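S.K.: Quick one: sequence and predicted model below, then my questions.
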Amino acid sequence: MSVDALMGRTTTLNEKNIANALDEIQTVFAGLDESHQEQFCKQLVLYAKFLKNHTELL
């Protein structure tokens with residue numbers, strides 16, 4: 001049981017969504033060779049910036 005649950009804190013849908021996304025990113029990152037990890041991070045940042053500027057695609 002998490003500390004948040006013990007303290008009666010509820011998790012919002014937004015918090016769950018970002019936690020799920022970060023978990024997936026970490027899983028993919030961990031499965032990559034070290035040589036691919038840096039490129040993965042660069043691509044992820046570029047994609048995030050692209051989506052920030054093109055919110056109509058979301």
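M.R.: Thanks, I have the structure now.
S.K.: could you say what helices and strands the one helix or strand Val45 maps to packs with?
M.R.: Counting by DSSP states H and E, the element that carries Val45 is helix 34-53. Judged by 3 or more C-beta pairs under 8 Å, 6 or more residues apart in numbering; DSSP states H and E, helix 34-53 is in contact with helix 13-31. C-beta here means a position set from N, CA and C on the backbone, and glycine is covered the same way.
S.K.: ok, and what's touching the helix it packs on?
M.R.: 11, 37, 40-41, 44 (C-beta atoms under 8 Å, 6 or more residues apart in numbering).
S.K.: between those residues, which is closest to Asp4?
M.R.: Asp4 lies nearest to Thr11 out of those, by C-beta to C-beta, at 6.7 Å.
S.K.: Give me the secondary structure label for the closest one.
M.R.: Assigned by DSSP: H, G, I helix; E, B strand; the rest coil, the conformation of Thr11 is coil.
S.K.: surely it meets Val3?
M.R.: No - counting by C-beta atoms under 8 Å, Thr11 does not reach Val3; the two are 11.9 Å apart.
S.K.: per-residue confidence for the spatially most central residue of the chain?
M.R.: Centroid check for the chain by C-alpha atoms, centre = their mean gives Leu22 as the closest residue, at 2.6 Å. If you check Leu22, the pLDDT there is 95.
S.K.: sorry, back to before: not counting the helix holding Val45 itself, show me its contacts.
M.R.: 25, 28-29, 32, 57-58.
S.K.: Residues touching the helix or strand of the chain with the lowest mean pLDDT, excluding its own?
M.R.: Every helix and strand of the chain was ranked by mean pLDDT, DSSP states H and E. The lowest is helix 3-6, at a mean of 76. With C-beta under 8 Å, 6+ apart as the test, helix 3-6 has contacts from Thr11.
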